[in-house]
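Novice: take this sequence and fold it.
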Amino acid sequence: MNYLSIKFYNLLKKNFYLIFFLIYFFCAIIIFDDYGISIVEEFHRFSGFYWLNYVVNILNIDSTKNIVSDRLSSINGFTLPNPKDFPFYGVVFDLPLALFETILNIQNYKNIFLLRHFFNFLIFFISSIYFYKILNNRFKNNIIIFFGLLLYITSPRIFGHSFYNNKDIILLSFLTISMFYYFKTIDNFNFKNILLFSIFSALACSTRIVALFIPLSFLLFYLFSLLNKKNKKNQNLKVIVYVFFFIFFTILTWPFLWSNPIGNFIYAIKVFSDYSLPIEMLFNGNYVYSKLLPIKYIPMWILITTPILTLIFFLLAFLYKLKRFFFRYINIKEVSDYEDFWRGNNEKKDFYIFFNFLIVFLYLILSGVTLYTGWRQVFFLHFFLVYLSTYGINLLAIFCKNRKIRLTAYSFIFFLLISNIFDLIKFHPYQSLYFNSILSDRQKNLFEVDYWGISGLKFLKEVLHLEKNNKNKINIATAAFLPLERSLKLLDANDSDRINIVGQNYEDAKYIFDNNISEVNKFLNKKYDIPKNFNKISEFQIDNIVIYKIYKKSK
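Specialist: Numbers count the residues shown, from 1 in each chain. Now for the predicted structure:
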């Protein structure tokens, strides 16, 4: 190998992750405008302007009041309840995006939602950098770090949602960042790390209140550390600083709390614990009510939509940590070289992740919590799944003493990771509709697929192509619980003007869109039954999963 080759190799090795993240970001910039608009994006846009209007009026910013008020009044047509009646949703993402839209004076609807999609991805992209930093902090082994990072960003459902899910992916992102700063507090319990941890755990909590488990588990682990008789340091002041700034930043970033911080916070907890929309969802061939979900609902959704590689190593790590918990942590002796629940900082980090996952997961499946359309509302569990999966890969590396066996194992893992990337390409831009190979082709169609209506844009383009020689208005009905008119906003003006959405007025329609999504039990309720004078002319599938069907009226 000559001098230039060696220099290039060393340069590549030194800047590998910089190059990797640049490639990842560049690929995302190329594809981010391929994604359709989801069912909830207009709701969250309204919510952002609703609270921006609240803020500018409190701060008395006259130059912005009228602009914000006009934009607020122009948003309508919700499938979800009106945001005015549901003001307790966090607006960490929505309010800044409303402000950007106002400052940049964006008028074109397509550009408005592309801006939202870009920033949605950007926040997840930043979280992926922090996830790399977490793995680097914990494992040091570059191969394991790289595998873990790929697991984090190539899980198809997470990847797809990262472009438009401005609630669940944002929570996942802020949780990931907050976990990095929690790790930093373990390494160095100073005011800087505590302040940064408080900021990002507050951002997570004001995104979704379920993230309250972050400060609670932090305080619990601090109490655990006090059990160690060798721990002579009094860190109470720093813990008080964390609690103070967590509360401060939670209130600051959640305008709903401004008028009555304690009362409104308690009210938000009650609402998110008890409230449910009257929705029935297709789950394994049967319809289940959102308030009466079976215990297996979350575990099964995770099992069938998470890449198998992640599941295998997560299971290995989980069982290993469970064994250590029962055989060592519970049986701490009064006199021991180690009087903590962990041996050293790395074990504390691992145990913190394991403990949080176990407690939160058990709470979610045993408490009867209301969820909608899969496990997207608990996508933050993806962080714990992938971290523990990476830990499982690390265990494999430790157990494989023979170098050849270890390299063979690494090759197998890399092959499965390439399979993840292949799935990203195969499903693009519908990665959020991915099922793994645990399900048969028939079983994949026994679950809700495109609840968020991401395929609506493709459907409209397909109809426009079918009617390319027709200059008249095209009436389209929807045999689905979906505001298809939202997808019109991502079409050019000339194309959107050619289409008229008529809802369930099938008699007025020439075409019917059916993506098998409903809020009622379709076995009992005939609301979305296709009239007999319509014939199926097309069906869009990916990996034998039926995404939508097109019906056309008979002549």
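Novice: all helices for the stretch 351-500 of the chain, in order.
Specialist: Under the criterion DSSP state H, counting those that start in this stretch, the stretch 351-500 of the chain contains helices at 381-399, 403-427, 441-444, 456-466, 493-496.
Novice: between the ones you listed, which gets nearest to Ser73?
Specialist: helix 493-496 (21.1 Å; Cβ to Cβ). For glycine as for every other residue, the C-beta is placed from the backbone atoms N, C-alpha and C.
Novice: distance of the spatially most central residue of the chain from Thr370?
Specialist: Geometric centre of the chain, nearest residue: Ile169, 2.8 Å, by Cα atoms, centre = their mean. Ile169 sits 20 Å away from Thr370, going by Cβ to Cβ, to the nearest Å.
Novice: ok, Gly456 next?
Specialist: Distance, Gly456 to Thr370, using Cβ to Cβ: 26 Å.
Novice: out of these two, which sits in the busier spot?
Specialist: Taking other Cβ atoms under 10 Å, Gly456 and Thr370 do not tie; Gly456 has more neighbours (28 against 18).
Novice: look up how far Ile501 lies from the more buried one.
Specialist: Look at Gly456 and Ile501: by Cβ to Cβ, they are 10 Å apart.
Novice: what do the two both touch?
Specialist: The overlap between the contact sets of Gly456 and Ile501 (Cβ atoms under 8 Å, 6 or more residues apart in numbering) consists of Leu484.
Novice: which element is the residue lying closest to Thr176 once chain neighbours are set aside on?
Specialist: Closest residue in space to Thr176, ignoring its immediate chain neighbours: Ser127 at 4.3 Å, by Cβ to Cβ, 6 or more residues apart in numbering. Using DSSP states H and E, Ser127 sits in helix 109-138.
Novice: for the stretch 451-555 of the chain, which segments count as strands?
Specialist: Counting by DSSP state E, counting those that start in this stretch, the stretch 451-555 of the chain has these strands, from start to end: 474-478, 499-501, 511-514, 534-542, 545-553.
Novice: now those strands in CSV, with mean neighbour count and mean pLDDT?
Specialist: CSV is the format used below for the strands of the stretch 451-555 of the chain (neighbours: other Cβ atoms under 10 Å; pLDDT from 0 to 100):
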stretch, mean neighbour count, mean pLDDT
strand 474-478, 22, 96
strand 499-501, 18, 96
strand 511-514, 23, 96
strand 534-542, 14, 95
strand 545-553, 20, 96
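Novice: those: which one's closest to Val288?
Specialist: Closest approach to Val288 among these (Cβ to Cβ): strand 545-553, 19.8 Å.
Novice: now that closest one against helix 456-466, angle please.
Specialist: Put simply, strand 545-553 runs at 40 degrees to helix 456-466, going by axes from the mean of the first three to the mean of the last three Cα atoms, to 10 degrees.
Novice: quick one: contacts of strand 545-553?
Specialist: So strand 545-553 is in contact with 430, 433, 435, 441, 444-445, 449-450, 455, 459, 462-463, 479, 509-516, 530, 533-541, going by Cβ under 8 Å, 6+ apart.
Novice: on the three-state scheme, Tyr287 is what?
Specialist: With DSSP: H, G, I helix; E, B strand; the rest coil as the basis, Tyr287 sits in strand.
Novice: show me the shaky parts of the protein.
Specialist: Applying pLDDT under 70 to the chain flags the ranges 1-13, 77-83, 228-233, 275, 328-341.
Novice: give me that answer again for 50
Specialist: For the chain, the stretches with pLDDT under 50 are 334-338.
Novice: can you give me the strands in the stretch 1-150 of the chain?
Specialist: Under DSSP E, counting those that start in this stretch, the stretch 1-150 of the chain gives no strands.
Novice: domains in the chain, by residue range?
Specialist: With domains defined by automatic domain parsing, the chain comprises 3-34, 41-107, 113-427, 456-553.
Novice: what strand or helix carries Ile295?
Specialist: Going by DSSP H and E, Ile295 is not in any helix or strand.
Novice: look up phi and psi at it.
Specialist: phi -60, psi -30 (degrees, to the nearest 10).
Novice: the nearest residue to it once chain neighbours are set aside - how many residues pack around it?
Specialist: Using Cβ to Cβ, 6+ apart and skipping the chain neighbours, the partner closest in space to Ile295 is Ile365 (5.3 Å). For Ile365, the tally of surrounding residues (other Cβ under 10 Å) stands at 17.
Novice: ditto for Lys323
Specialist: Using other Cβ under 10 Å: Lys323 sits among 10 other residues.
Novice: then Ile194?
Specialist: Ile194 - counted by other Cβ under 10 Å - has 25 other residues nearby.
Novice: so it is in contact with Val241, correct?
Specialist: Yes: the pair Ile194 and Val241 qualifies as a contact (Cβ atoms under 8 Å) at a distance of 5.8 Å.
Novice: and the helix holding Ser127, how far out from the chain's middle?
Specialist: 11 Å (Cα atoms, centre = their mean, to the nearest Å).
Novice: which elements pack onto it?
Specialist: helix 16-31, helix 41-58, helix 94-103, helix 142-154, helix 168-187, helix 344-366, helix 381-399 (3 or more Cβ pairs under 8 Å, 6 or more residues apart in numbering; DSSP states H and E).
Novice: which of the ones you listed sits most buried?
Specialist: Greatest average neighbour count among the helices and strands packed on helix 109-138 goes to helix 168-187 (a mean of 24), per mean count of other Cβ atoms under 10 Å.
Novice: please save the CA atoms from that helix in PDB.
Specialist: Extracted C-alpha coordinates of helix 168-187, given in PDB (Å, rounded to 0.1, in the frame of the first residue of the first chain):
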ATOM      1  CA  ASP A 168     -44.100  10.500  18.300                       C
ATOM      2  CA  ILE A 169     -40.800  10.900  16.500                       C
ATOM      3  CA  ILE A 170     -40.200  14.200  18.200                       C
ATOM      4  CA  LEU A 171     -40.600  12.500  21.500                       C
ATOM      5  CA  LEU A 172     -38.300   9.700  20.500                       C
ATOM      6  CA  SER A 173     -35.700  12.300  19.400                       C
ATOM      7  CA  PHE A 174     -35.800  14.400  22.600                       C
ATOM      8  CA  LEU A 175     -35.800  11.200  24.800                       C
ATOM      9  CA  THR A 176     -32.700  10.000  22.900                       C
ATOM     10  CA  ILE A 177     -30.900  13.400  23.500                       C
ATOM     11  CA  SER A 178     -32.000  13.500  27.100                       C
ATOM     12  CA  MET A 179     -30.600  10.000  27.600                       C
ATOM     13  CA  PHE A 180     -27.200  11.100  26.300                       C
ATOM     14  CA  TYR A 181     -27.100  13.900  28.900                       C
ATOM     15  CA  TYR A 182     -28.200  11.500  31.600                       C
ATOM     16  CA  PHE A 183     -25.200   9.300  30.700                       C
ATOM     17  CA  LYS A 184     -23.100  12.400  31.000                       C
ATOM     18  CA  THR A 185     -24.400  13.100  34.500                       C
ATOM     19  CA  ILE A 186     -23.300   9.600  35.500                       C
ATOM     20  CA  ASP A 187     -19.800  10.300  34.200                       C
END
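Novice: tell me what it is packed against?
Specialist: Using 3+ Cβ pairs under 8 Å, 6+ apart: helix 168-187 touches helix 109-138, helix 156-161, helix 191-207, helix 213-226, helix 344-366, helix 381-399.
Novice: what's the closest of the helices and strands packed on helix 109-138 to Asn136?
Specialist: helix 142-154 (5.6 Å).
Novice: contacts for the closest one, please.
Specialist: Contacts of helix 142-154 (Cβ under 8 Å, 6+ apart): 16, 20, 24, 128, 131-132, 135-136, 139, 158-159, 307, 309-310, 382-383, 386-387, 389-390, 393-394, 397, 410, 413-414, 417, 420-421, 424.
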